[in-house]
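Q: Sequence and computational prediction follow.
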Amino acid sequence: MYGLNIEKIHLDDEREKNEVAEFLKRFELRYDDDIDYTLVARQNGKILATASKAKNIIKAFAVDDELRGEGISTSLVTSITDKMFEQGVYHSFIFTKPKNITIFSSLNYKLIYETSKSALLENGLYNINSSLDKIIKENDIDTSKTRGALVMNCNPFTKGHQFLVEKAASECDEVLVFVVEEDKSLFSFKHRFELVKEGTKHLSNVKVVKGGEYIISQATFPSYFLRQEDDKLRVYTEMDAGIFGKYFCPKFNIKRRYVGEEPYCAVTNAYNNTLVEELKKFGVEVCVVKRKTYDESAISASRVRELIKEDKMEEVKELVPETTWEFLNTETGREIAENIKKSNSPH
């Protein structure tokens with residue numbers, strides 16, 4: 001279209017960001033806080049199309065109806081993909097509305113999963129199936145055997161987590177524990193992964209594996225890290241649960257998924273409820289286990305972090321396995337404890 005200019009938005013300019021946010025409202029979309037790059041197409045100063053990215057995820061994509069068919073979608077997405085290439089990113093996701101699937105499919109994006117309100121597509125050097133095959137190979141997983149599974153963040157690993165894994169191990173021949181790999185927590189993925197491995201070492205039928213990009217990640221479920229109970233929550237929980245049911249369960253021969261009952265966190269509670277509904281569609285049972293308690297309260301990682309913040313370390317000792325307690329008393333563990341005391345993060 002004549003007179004159309006593609007411009008980069010200056011993210012330190014609130015006026016420019018607000019202008020994009022107002023445009024997105026027309027499409028029932030929001031301008032998320034994690035966005036790190038935004039392009040707009042303007043005509044006579046007026047925004048008629050936009051697309052953004054957060055790391056390797058393209059989002060907040062919207063095109064005015066009068067520009068449909070003008071090739072602006074291709075221009076915006078290609079420009080953002082080029083920016084990712086500049087940053088050394090060669091695999092990307094697009095989180096969008098189902099009506100946009102055909103646009104992105106024409107740009108070589110492959111659909112991963114679609115719900116009534118959202119769709120997740122990917123493009124790049126690998127895909128979800130090759131990623132899961134890699135996990136199977138690296139961890140020598142026999143997919144002919146049926147198994148139970150857990151997905152855990154473990155920030156940090158508590159006696160509550162340990163109890164849940166032990167419960168699954170006592171009821172299943174084999175158990176896979178997927179540790180959330182996204183580094184958005186006060187305890188890094190490296191430390192969380194080691195704490196889970198050390199805390200489950202006594203269980204011979206349990207394997208601890210990396211969760212990867214397709215389980216509770218910024219692509220599939222950003223609300224988990226924002227800890228916001230809002231209208232996006234249902235959309236993201238359906239997406240995350242659906243991907244687990246469609247891909248993980250058949251690949252790993254998972255017949256049961258274990259979760260802890262959630263008395264405190266609304267986000268996790270909503271996730272559990274959606275998980276039960278969604279996995280039923282794939283013939284997978286969700287076992288909601290009553291949480292292990294201490295002093296009449298459910299043990300949770302958030303409670304442990306709160307006690308660390310209050311410097312009540314003797315109480316922390318009662319809520320975590322010996323392996324976690326030993327880590328908390330290392331130099332690294334003490335540094336993390338100091339960071340927790342300074343942080344206002346819910347996660």
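A: That came through fine.

Q: Where does pLDDT dip in this structure?
A: 1-2, 69-70, 217-231, 345-347 (pLDDT under 70).

Q: roughly how far is the longest strand along it from the heart of the chain?
A: Counting residues, the longest strand found in the chain (DSSP state E) is strand 46-54. Taking Cα atoms, centre = their mean, to the nearest Å, the mean C-alpha location of strand 46-54 is offset from the chain mean by 24 Å.

Q: List of residues touching that strand?
A: Applying Cβ atoms under 8 Å, 6 or more residues apart in numbering, the contact partners of strand 46-54 are 4, 19-20, 23-24, 31-32, 34-42, 58-64, 66-67, 72-73, 76-77, 80, 83-84, 92, 218, 222. Any C-beta I mention is one placed from the backbone N, CA and C, and that applies to glycine too.

Q: Find the nearest non-adjacent residue to residue 320, please.
A: Excluding the flanking residues, the one nearest residue 320 by Cβ to Cβ, 6 or more residues apart in numbering is residue 158, at 5.3 Å.

Q: Tell me who's in contact with that neighbour.
A: With Cβ under 8 Å, 6+ apart, residue 158 has these contacts: 299-301, 304, 319-321, 324.

Q: Kindly recompute the last result at 10 Å.
A: 164, 195, 199, 292, 294, 299-304, 316, 319-321, 324 (Cβ atoms under 10 Å, 6 or more residues apart in numbering).

Q: Distance check, it against residue 263.
A: 14 Å (Cβ to Cβ, to the nearest Å).

Q: Equivalent analysis for residue 195, please.
A: For residue 195, the distance to residue 263 - Cβ to Cβ - is 23 Å.

Q: Same drill for the two, tell me which one is more crowded.
A: residue 195 (27 against 13; other Cβ atoms under 10 Å).

Q: mind listing what the closest residue to the more buried one other than its chain neighbours touches?
A: Closest residue to residue 195 apart from its sequence neighbours, by Cβ to Cβ, 6+ apart: residue 157 at 4.0 Å. For residue 157, the contacting residues are 165, 179, 187, 191-200, 301, 304, 320-321, 323-324, 327, by Cβ under 10 Å, 6+ apart.

Q: Please, where are all the strands along the stretch 1-150 of the chain?
A: 4-8, 37-43, 46-54, 57-63, 91-96, 110-114, 119-124, 147-152 (DSSP state E, counting those that start in this stretch).

Q: and the angle from the second one to strand 4-8?
A: The reference is to strand 37-43. Taking axes from the mean of the first three to the mean of the last three Cα atoms, to 10 degrees, one finds strand 37-43 and strand 4-8 inclined to each other by 160 degrees.
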